[in-house]
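Participant: model this:
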Amino acid sequence: MDGEDAFLTIDGQALSLQQAVGLLASAGRLGDLVGEMVRQFVLERELAERPELDPSPAMVRIAIEAFRAERDLADD
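Facilitator: Residues are numbered from 1 along each chain as shown. Got it, this is the predicted structure:
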């Protein structure tokens, strides 16, 4: 496999997607990764379908300021 077809290259050695998945499975982390991908997929799909869930930076700033004020939190 050449570097262009590699999913990942480690120390100059090309790994295929199949090899990378096998390494994750061997390390017991494949389930964690799949779970994270599913969560991220669902989140991004919901955000795309419901633009009201994607607040502007100004709205986030206002919400943070309100949260801090309600709890008497100050920058120290």
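Participant: Which parts of the chain are strands?
Facilitator: For the chain, the strands defined by DSSP state E cover 8-10, 13-15.
Participant: tell me the most buried of these?
Facilitator: For the strands of the chain, ranked by mean neighbour count under the definition mean count of other C-beta atoms under 10 Å, the leader is strand 13-15 at a mean of 14. Where C-beta positions appear, they are placed from N, C-alpha and C, glycine not excepted.
Participant: What residues of the longest helix seen in the chain count as buried?
Facilitator: Counting by DSSP state H, the longest helix found in the chain is helix 30-49. By neighbour count on 16 or more other C-beta atoms under 10 Å, the buried set for helix 30-49 is empty.
Participant: elements contacting that helix?
Facilitator: Helices and strands touching helix 30-49, by 3 or more C-beta pairs under 8 Å, 6 or more residues apart in numbering; DSSP states H and E, are helix 17-26.
Participant: okay, the angle between the helix it packs on and helix 30-49?
Facilitator: Put simply, helix 17-26 runs at 120 degrees to helix 30-49, going by axes from the mean of the first three to the mean of the last three C-alpha atoms, to 10 degrees.
Participant: Who are the packing partners of helix 17-26?
Facilitator: Counting by 3+ C-beta pairs under 8 Å, 6+ apart, helix 17-26 packs on helix 30-49.
Participant: If anything else comes up later, I'll come back, but that's it for now.
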